[in-house]
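Novice: the sequence and its predicted three-dimensional model are supplied below.
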Amino acid sequence: MYAVTLADQTDFDGWRHAARQLALAGVEPGDVRFSVVGQTAEDLFEDASSLLPEPPAGAEFTVPREVVKRLEQVIHHRDPDRFSFMYRLLLRVSREKNLLRIASDPDIQRLERMEKSIRRDAHKMHAFVRFRKIDVAGEEWFVAWFEPEHYIAEREAGFFRARFTGMKWTILTPWRSISWDGADITVMPGASKEDAPADDAAEDLWRTYFTSIFNPARLKVKAMQAEMPKKYWRNLPEAPLIPGMIAGAGKAAEEMIARAPSLSAPHHARIQEQYWEPKKMGGMAEEEIAETLDALEKQAEGCRRCPLWKDATQTVFGEGPRDADVVFVGEQPGDQEDLAGKPFVGPAGQMFNATLEEVGIDRQRVYVTNAVKHFKFEPRGKRRIHSKPNSGEVQACRWWLDQELTLIQPKLTVALGATALTALSGKTLPVTKNRRQIVTTESGLRVFVTVHPSFLLRIPDKETAARERRLFAEDLAAVRDLMNAA
Amino acid sequence: MAQLSTLEKLAILSDAAKYDASCASSGSTKRNSLGTGGIGSTTGAGICHSYAPDGRCISLLKILLTNFCIYDCAYCINRSSSNVRRARFTVQEVVDLTLDFYKRNYIEGLFLSSGIIRSPDETMGQLVEVARQLRVTHRFAGYIHLKTIPDCDPLLLEEAGRFADRLSINVELPTDDGVSRLAPEKRPAEIRKAMGNLRMKIEEKSEPTLRTKRKERFAPGGQSTQMIIGADPANDDTILKTSARLYSSYHLKRVYYSAFSPIPDAKSSLPLIQPPLMREHRLYQADWLMRFYGFEQNEILAGQSDGMLDLAVDPKLAWALANRQRFPVDVNRGDRESLLRVPGLGTKAVAKILQVRRYRTLRLEDVGRLCQSVNKVRPFITALDWQPGGLTDNPSLKARMTPQPAQLSLF
Ligand code: SF4
């Protein structure tokens, strides 16, 4: 039997040194007793030797660094049996590869429970330390009394230093006290509650806040106690108020409900008149035919002709010169267009712009719009998946497209993709068959047919994508020639 | 009007803020004051410094700059027609209170909102000024959450994002119809646009700038929103649909659900009942399923004819009971997605199962050690020594899994 006496409760170096010697000599956990100086009656282990065993020559002992780190944390636990548990675990880890990964093993579970308890204790310390301000030689000093469950005070000094760097403070605890004077951390022996200041002027403000922020109609005492166990209450200035708040909650809530709606406050009418009455007159009704594109755009902002407005951010109206010779019509705005409120600004729009530039069409000179003015999508977690507008929606939205075209009177319209072609021609025509041709619609509109740039972005194969990209550029070059010829 | 003391103002302006559900101080980047010698740090995870008897955590000084407001939203105690006492903090008072509380470790930071006085820009300007003074003048590194005013100047929004950890814009109610009925002066279209702008700004600033190759600090904790539940007739399906849209459209960090709570001097158009806290709780659970468990919004309530979440059981269990053909899942072979759907297995338990099973074949006992309650899991899994047999399809399974008190009350 061996007896190991550690210098104090968290003497990890002492424990580690002893554990290493013992493990090298192959000593089983049952044959070691650990204790802390001054904490155990020595004579309990009369038969124990305090000399550590000599390891056999050439003996080796290695464990993953991870276990050392974890044990270093666990030594801060209050459990008096922790030193032997740590030794047992150390031996098991050296013998059983992967043991640390087996969360269902009872020893690993115990390890995790202990770690969790220490983490929780540290978290509660971060939360429930309450400083009181005193004056030390004309300077502000903040002092707190706190009772952690485990031996963690010294370990947590770093947290408080990083948080309250610009402040001088002391945290007193029964085991050890820590202090920061703006330059150094000092660790001192434990203290008692009486060593801390008794009061602080800010506590009245804090108690006022605590009572006022509580909504008596939502009483949930259990939830509160689960997070703020009673053992911490004795050091919280607000805690003495809690029983009274709970007892009075029912009545307070009833009063809130019972207080009948009263007459409007005296200033209400004046506010309504000053801020709201003039605005209530609203804009133009949809039925009146807009005479300018700007008026039309304003009308479209409030469009409710189909359900698509409900999920989208805003109406994305066309953009460009009001008298453009050429109008490009896409399908519908996408994610980026929906946020920006402008057509063709997302990835497809960028591809479109790049191609325009390549073939020498000035985007400033053309008008760009969509067949459908609201973004239709399916939410998928953090993304919105574009979904194709159906014929009802395309039909409903033609109201705007038709008026745009009537007001602009372009010489040529370019249908980008099938939806645009349907919207412009009023019937379903295949894009591929009519590509790079001009279809004349019933209303006499000349429509040049090509694909939608987003189609180019979806081609996975590089070669095909490059070829399609070229074809698209050739299409736009044809548009350019038509523009120049006109 | 007699001058109010800071204490009186605090009482009024924190009372006015207590109906707002958003409070978390989590989700920002880690930082501390070691480098600046100032005060404050954020851990990334957030710390709750106290709890009110309503079970809600107090981690921030949550106050209004003023409860004067030109809007008249029926559900709000600060609406212009309300007879509530009014008060207004100065910028200096809010800064001092925040620092005084923070230095005593009462709080993680500030959540500042405001009624709208005179103009959105003026109000927003003051909120930004509080944040600016804290950050710049006092080198304050604690958490700051600002409620932004939808119609304000985008430049103010940019300023706000530079100083705040999180920005929020409330959608107020689950549907635009609800907003136009209960908050006639608010314009849902403006609220959406503001959220869209904020998302664009956050994304733009998270790209390193060309010149400095460094990211600009801009609302590192993202944006959040709140909607009030139970003040209008929207059902849970509609509410979750709105959330799914908000998450996907504006990349919100959180959608807060706030069970409508009676307010003193309420408008008669509102239900004067205890807030539907259980419903709120179920909505949060359903929200988690969407954000962390890979559920699509439309799956959660599929087959539920009234579009309401079951109040008796949590939404994951309700889904499993309605989709028993998907069970049992083999804990030794099932993929992560299927395991995440097992009632009683959280994300942590699933991660552990996946790790352990690389070395061991799991028995029921092992699973019991990895999750909270093996009883909850048992009907939905198979393990080396466990087959649920007819249990999975047993018609009385729901009754068995429903918390006991409801049953016992029969006797
Ligand atoms: S998609 Fe078109 S028709 Fe439908 S609401 Fe939007 S603007 Fe109106």
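Specialist: Thanks, I have the structure now.
Novice: close to the ligand: what parts of chain A are there?
Specialist: A:300, A:303-306, A:308-309, A:315, A:372-374, A:393, A:396-397, A:400 (C-beta under 6 Å from any ligand atom). Glycine gets a C-beta too; all of them are placed from N, C-alpha and C.
Novice: most neighbours of all those residues, which one?
Specialist: Using other C-beta atoms under 10 Å in any protein chain shown as the neighbour test, the residues of chain A next to the ligand are led by residue A:373, with 32 neighbours.
Novice: what helix or strand is that residue located in?
Specialist: For residue A:373, there is no enclosing helix or strand under DSSP states H and E.
Novice: between the residues of chain A next to the ligand, which is nearest residue B:15?
Specialist: Set against residue B:15, the nearest of those by C-beta to C-beta is residue A:309 (37.9 Å).
Novice: is it correct that the closest one falls within a helix?
Specialist: Yes. Checked against DSSP: H, G, I helix; E, B strand; the rest coil, residue A:309 lies within a helix.
Novice: my guess is it meets residue A:303, correct?
Specialist: Yes. Using C-beta atoms under 8 Å, residue A:309 is in contact with residue A:303, at 6.0 Å.
Novice: for the two, list the residues in contact with both.
Specialist: Listed as contacting both residue A:309 and residue A:303 by C-beta atoms under 8 Å, 6 or more residues apart in numbering or on different chains are A:315, A:374.
Novice: contacts only, for residue A:179.
Specialist: Going by C-beta under 8 Å, 6+ apart, residue A:179 touches A:169-171, A:185-188.
Novice: switch to 6 Å and redo it
Specialist: A:170, A:186 (C-beta atoms under 6 Å, 6 or more residues apart in numbering or on different chains).
Novice: what's the answer for residue B:163, then?
Specialist: B:131-132, B:135.
Novice: residue B:109 versus that one, what's the distance?
Specialist: 12 Å (C-beta to C-beta, to the nearest Å).
Novice: burial of residue 362, as a residue count?
Specialist: The chain I'm using is chain A. Neighbours of residue A:362 (other C-beta under 10 Å): 10.
Novice: other chain: chain B
Specialist: Neighbours around residue B:362, by other C-beta under 10 Å: 22.
Novice: correct me, but residue B:289 touches residue B:295?
Specialist: Yes. The pair residue B:289 and residue B:295 qualifies as a contact (C-beta atoms under 6 Å) at a distance of 4.0 Å.
Novice: got any residues that touch both of those two?
Specialist: Common contacts of residue B:289 and residue B:295 (C-beta under 6 Å, 6+ apart): none found.
Novice: quickly list what the most centrally placed residue in chain B is bridged to.
Specialist: Nearest to the geometric centre of chain B sits residue B:256, at 3.3 Å (C-alpha atoms, centre = their mean). Following DSSP bridges, residue B:256 is listed with bridge partners residue B:226.
Novice: considering the contacts of residue B:163, which possesses the most neighbours?
Specialist: Highest neighbour count within the contacts of residue B:163: residue B:131, with 26 neighbours (other C-beta under 10 Å).
Novice: what helix or strand is that residue on?
Specialist: helix B:120-132.
Novice: what's the answer for residue B:18, then?
Specialist: Judged by DSSP H and E, residue B:18 forms part of no helix or strand.
Novice: quick revisit: and the helix holding residue B:131, which residues are buried?
Specialist: Using 16 or more other C-beta atoms under 10 Å in any protein chain shown as the test for burial, helix B:120-132 gives B:120, B:123-132.
Novice: tell me, what's the model's pLDDT at the spatially most central residue of chain A?
Specialist: Nearest to the geometric centre of chain A sits residue A:382, at 11.4 Å (C-alpha atoms, centre = their mean). Reading off the confidence values, residue A:382 has pLDDT 91.
Novice: also residue A:140?
Specialist: In the predicted model, residue A:140 carries a pLDDT score of 94.
Novice: cool, residue B:92 as well?
Specialist: Residue B:92 is assigned 97 on the pLDDT scale.
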